[in-house]
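Trainee: this one's sequence-less:
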């Protein structure tokens, strides 16, 4: 019985800090540049500005601004960047990685009510007409308060 109580007590802090499901749809206007190296490869840079519409999780719908760069080639994209979510005192920054096998994101830091925010997940981004993009983010986040 003592071992069972010790295990339950050891697991209690994990339950308090368990992540919550997170889902958001980011819509952006994009500005991009590309420099072909040859007919099959090159280097790209992109800047996005728009809105992150949160549909699940403890984060508010807010402004989002992203900057990234990387290479493309026969195997797909390989690059990454950062996104700054929010304005003023309540913001957080996430890192995104675009790889041939998929896109991922990880929260790096937060301020104000997002201080201590952690989380990670996947993203699927689609180019739309008129220099626009849409990204579906899915993962888990924890406010860590």
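Mentor: Done, it's in. Please read all numbers here as calculations on a predicted model, not as lab measurements. Residues are numbered from 1 along each chain as shown.
Trainee: from here on, just use CA atoms for contacts and neighbour counts.
Mentor: Fine.
Trainee: helix, strand or coil for the residue nearest the centre of the chain?
Mentor: Centroid check for the chain by C-alpha atoms, centre = their mean gives residue 105 as the closest residue, at 3.8 Å. Judged by DSSP: H, G, I helix; E, B strand; the rest coil, the three-state class of residue 105 is strand.
Trainee: nearest residue to it in space, please, no chain neighbours.
Mentor: residue 96 (4.3 Å; C-alpha to C-alpha, 6 or more residues apart in numbering).
Trainee: which ones are touching that neighbour?
Mentor: The contact partners of residue 96, taken as C-alpha atoms under 8 Å, 6 or more residues apart in numbering, are 80, 81, 82, 83, 103, 104, 105, 106.
Trainee: kindly report the same for residue 119.
Mentor: If you count contacts by C-alpha under 8 Å, 6+ apart, residue 119 has them with 19, 106, 107, 139, 140, 141, 142.
Trainee: neighbour-wise, which one of the residues you listed leads?
Mentor: residue 141 (23 neighbours; other C-alpha atoms under 10 Å).
Trainee: can you give me the distance of that residue to residue 57?
Mentor: Relative to residue 57, residue 141 is positioned 8 Å away (C-alpha to C-alpha, to the nearest Å).
Trainee: give me the common contacts of the two.
Mentor: In contact with both residue 141 and residue 57: 20, 21, 22, using C-alpha under 8 Å, 6+ apart.
Trainee: from residue 108, how far off is the second one?
Mentor: When distances are taken as C-alpha to C-alpha, residue 21 and residue 108 turn out to be 18 Å apart.
Trainee: beta partners for residue 95?
Mentor: Taking DSSP bridges as the rule, residue 95 bridges to residue 82, residue 106.
Trainee: same question, residue 29
Mentor: Beta bridges link residue 29 to residue 49, residue 132 when assigned by DSSP bridges.
Trainee: what do you get for residue 21?
Mentor: In this entry, residue 21 is beta-bridged to residue 140, by DSSP bridges.
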